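Asker: got a sequence here, can you model it:
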Amino acid sequence: MKNFFKKNWFVCVVAVLFIAIAVYFIYDQNKDVLWGKTKGGSGVVFSLDGKDFTADDLYDKYFANGGSDASYTLMQRTLLDKAVKTTDDMKTTAASMAEQYQAYFEQYYGDSATSLIAQNLKAIGLDSLDEYCLYNVKLEELSKLYVADNLDKYWTDFATEYSPKIVSHVLIQMSDPDNPTEDEAKALKEAQEAWASGEYTFEEFAKKYSDDSSSAVKGGKIGYIDKNSTDTYVEPLVTTAISLKEGEVSEWVKSTYGYHLITVTSTQATDCLEDTTCVERLMSYWPNLEKQAMWAKMQELKTTFSDETVEKDVKEALGVQDDGTIPDGRTTTEGE
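Answerer: A predicted model of the protein is given here:
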């Protein structure tokens, strides 16, 4: 759950900054229209991809629900719907995320969880956790697409520092690798001889011999690993994987779980970015990546504001400089 909220912290920060400034100025410049709708709510608040959004579009969600987040949600939702096609996989991922959110709230808030979730969703103009999580998934996808279009800018430095890889392994499990039982020692010897025979591809070998059932069914694939993955995997596995080139297979490596045979199946950005952990790492490395992705798409879709003050303060919230760019947000320390 900790990783889940780490994953979404930037969404929250951007939303709060954007909303706090944009909504205040939207209201300040359009209050005569918004409060009473007596002028028909015809004032255009912002335009995106050629579509105008008026005070009427914001009134029901913003004022009726009492949530200042609604105006930003409307813009973000329109942007993401235009930029990212919703897929079945996205819906599945969002549903899983929603279950985690629900479980978290129920753990800490008990019987009040459902009503608390509903209140928070209503405040940002959404009806369900699935819907909220889907837009988070689509925001992540937007960032991935942006990185894919700007690999030279975002991937090279990150890859040099973190050595990202897609990794597979075979595990011969032991209760105490330093003192294996007779059966464990026999199983290791049989596996070593079978691999040395050259009769198997790595995938075939993993499916037949690996004691890690969750990865064995996938031909040994455990997924994304980089130099910081010791928080998830045992150090000998990570250290060995980082030392390998794409396509190389290690010698047998001992860990607290037993003996591993390890291979790197890919070091390509497109493969690594399919793994959520890689996206999280990349966004941590480039703190303003999501801001830059959003700003780039807003420009592409020709988003405009009807009020210069609103535009100015939104740009300030996003960190847009005078030259129309957003700095990467990287801070380096001596020795990094």
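Asker: contacts, neighbours, all on C-alpha from now
Answerer: Will do.
Asker: look up how far D271 lies from I326.
Answerer: With distances defined as CA to CA, to the nearest Å, the gap from I326 to D271 amounts to 27 Å.
Asker: let me fix that: S255
Answerer: 27 Å.
Asker: so which of those two has more stuff around it?
Answerer: A count of neighbours by other CA atoms under 10 Å puts S255 above the other of S255 and D271, at 18 against 15.
Asker: just grab the bridge partners of the more buried one for me.
Answerer: G258 (DSSP bridges).
Asker: just checking, it touches T239?
Answerer: No: at 11.2 Å, S255 and T239 do not qualify as touching, with contact defined as CA atoms under 8 Å.
Asker: what does whichever strand or helix holds A94 rub up against?
Answerer: Counting by DSSP states H and E, the element that carries A94 is helix 88-109. Contacts of helix 88-109 from elsewhere in the structure, counted by CA atoms under 8 Å, 6 or more residues apart in numbering, are 1, 112-114, 117, 129-131, 133-134, 136-138.
Asker: and these, which two are furthest apart?
Answerer: Checking the contacts of helix 88-109 against each other with CA to CA, the farthest-apart pair comes out as S112 and K138, at 28.8 Å.
Asker: of these two, who's got more company?
Answerer: K138 (22 against 11).
Asker: from E274, how far off is the more buried one?
Answerer: The gap separating K138 from E274 is 13 Å, by CA to CA.
Asker: so Y285 is in contact with A159, correct?
Answerer: No: under the criterion of CA under 8 Å, Y285 is not in contact with A159, lying 10.5 Å apart.
Asker: which one of the two has more residues nearby?
Answerer: Neighbour totals were compared for Y285 and A159, and Y285 leads with 19 against 16 (other CA under 10 Å).
Asker: contacting residues for the more buried one?
Answerer: Under the criterion of CA under 8 Å, 6+ apart, the contact partners of Y285 comprise F158, R330.
Asker: can you give me phi and psi for it?
Answerer: Backbone dihedrals for Y285, given as degrees, to the nearest 10, come out at phi -70, psi -40.
Asker: closest one of the contacts of helix 88-109 to L301?
Answerer: Nearest to L301 among these: K138, at 16.4 Å, using CA to CA.
Asker: so that closest one belongs to a strand, correct?
Answerer: No: with DSSP: H, G, I helix; E, B strand; the rest coil as the criterion, K138 is helix rather than part of a strand.
Asker: am I right that it is in contact with V84?
Answerer: Yes: counting by CA under 8 Å, a contact exists between K138 and V84, whose distance comes to 6.3 Å.
Asker: from L80, how far out is L318?
Answerer: For L318, the distance to L80 (CA to CA) stands at 17 Å.
Asker: what does T303 give?
Answerer: With distances defined as CA to CA, the gap from T303 to L80 amounts to 13 Å.
Asker: between these two, which is the more surrounded one?
Answerer: A direct count of neighbours by other CA under 10 Å for T303 and L80 places L80 higher, at 21 against 18.
Asker: and the more buried one, which helix or strand is it part of?
Answerer: With DSSP H and E as criterion, L80 is part of helix 69-83.
Asker: quick check: mean pLDDT of that helix?
Answerer: If you average the pLDDT over helix 69-83, you get 71.
Asker: and stretch 193-203, which residues are buried?
Answerer: With burial defined by 16 or more other CA atoms under 10 Å, the residues of stretch 193-203 counted as buried are W195, F202, E203.
Asker: if you count neighbours, what's buried in stretch 227-241?
Answerer: By 16+ other CA under 10 Å, the buried positions in stretch 227-241 come out as K227, S229, E235, P236, L237, V238, T239, T240, A241.
Asker: contact partners for the fifth one?
Answerer: Contacts were defined as CA under 8 Å, 6+ apart; by that measure L237 touches V253, S255, H260, I262.
Asker: can I get the helix or strand hosting the third one in CSV, CA atoms only?
Answerer: In other words, H260. With secondary structure defined by DSSP H and E, H260 is part of strand 258-266. As requested, C-alpha coordinates have been extracted for strand 258-266 and formatted as CSV (Å, rounded to 0.1, in the frame of the first residue of the first chain):
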residue,chain,number,x,y,z
GLY,A,258,18.6,-21.2,-2.4
TYR,A,259,20.4,-21.1,-5.8
HIS,A,260,19.4,-18.9,-8.7
LEU,A,261,20.1,-19.0,-12.4
ILE,A,262,19.6,-15.5,-13.8
THR,A,263,19.2,-13.9,-17.2
VAL,A,264,18.5,-10.5,-18.6
THR,A,265,15.8,-10.7,-21.3
SER,A,266,15.8,-6.9,-22.2
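Asker: so, low pLDDT: which residues of the stretch 201-336 of the chain?
Answerer: Across the stretch 201-336 of the chain, the stretches falling below the confidence threshold (pLDDT under 70) are 307, 309-310, 313-314, 332-336.
Asker: quick one: the strands in it?
Answerer: Across the stretch 201-336 of the chain, reading from the start of the chain, the strands by DSSP state E, counting those that start in this stretch fall at 221-225, 253-255, 258-266, 304-305.
Asker: so which of those comes closest to V279?
Answerer: Checking those against V279 by CA to CA gives strand 221-225 as the closest, at 10.2 Å.
Asker: each with direction, which strands does that closest one pair with?
Answerer: Strand 221-225 has the following sheet partners, assigned by DSSP bridges: strand 165-173 (antiparallel).
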